[in-house]
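In: Whatever this is, show me its structure:
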Amino acid sequence: MKQVSASLSGAYTEVLIVSTDGVYQKDYRPMVRISVSVIVEHDGRIESASSGGGGRYDYRYFIDHNFAEVYAQEAIRQALVALEAQDAPAGKLPVILGPGWPGVLLHEAIGARLGRRF
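Out: Residues are numbered from 1 along each chain as shown. Okay, here's the model as predicted:
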């Protein structure tokens, strides 16, 4: 583990609701977000990942349910999986298109910009 960053942020709005019979009621609407980012290193290879969540809860909900640790563990898991990932093949590869729309998509993506018709 090279680095761990966590943030807990929140905001709220208060809405005044008025019914047609003159009843007033305030509605308190919190919005809290927690996120954890990690950077891991092994044998000179560095990977990063993040995890988080949020909702219309107060801060205490996220603290009581230990979400910081839950999201940290998920971010670590993702970063460790990325450390084991192998590079995707690169270079010249064959492209096989079926009849119909693939040709139209190729023309719109490449041919129209080159001023060519395929």
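In: Next, the buried residues of the helix or strand where residue 34 lies.
Out: If you go by DSSP states H and E, residue 34 is part of strand 24-42. For strand 24-42, the buried set under the neighbour-count rule, 16 or more other CB atoms under 10 Å, comprises 32, 34-38, 40. Using the backbone N, CA and C atoms, a C-beta is placed for each residue, glycine as well.
In: do the same with stretch 51-71
Out: Going by neighbour count (16+ other CB under 10 Å), the buried part of stretch 51-71 is 51-52, 57, 62, 67-68, 70-71.
In: and the closest residue to residue 10 other than its chain neighbours, what does it touch?
Out: Among residues not flanking residue 10 along the chain, residue 32 sits closest, at 4.0 Å (CB to CB, 6 or more residues apart in numbering). Residue 32 is in contact with 8-10, 54-59, 61-62, counting by CB atoms under 8 Å, 6 or more residues apart in numbering.
In: Put together a markdown table for those residues, with secondary structure, pLDDT and distance to residue 99 on each row.
Out: Rendered in a markdown table, the data for these read as follows (DSSP: H, G, I helix; E, B strand; the rest coil; pLDDT from 0 to 100; distance: CB to CB, whole Å):
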| residue | secondary structure | pLDDT | distance to residue 99 |
| --- | --- | --- | --- |
| 8 | strand | 95 | 54 |
| 9 | strand | 96 | 52 |
| 10 | strand | 96 | 54 |
| 54 | strand | 97 | 47 |
| 55 | strand | 96 | 48 |
| 56 | coil | 96 | 50 |
| 57 | coil | 94 | 53 |
| 58 | coil | 92 | 58 |
| 59 | helix | 93 | 58 |
| 61 | helix | 94 | 55 |
| 62 | helix | 92 | 53 |
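In: Just send these back as TSV, with distance to residue 88 too.
Out: As requested, those are exported to TSV (distance: CB to CB, whole Å):
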residue	distance to residue 88
8	36
9	35
10	39
54	32
55	35
56	40
57	39
58	44
59	41
61	40
62	37
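In: Closest one to residue 45 out of those residues, please.
Out: Among the contacts of residue 32, residue 8 lies closest to residue 45 (CB to CB), at 30.1 Å.
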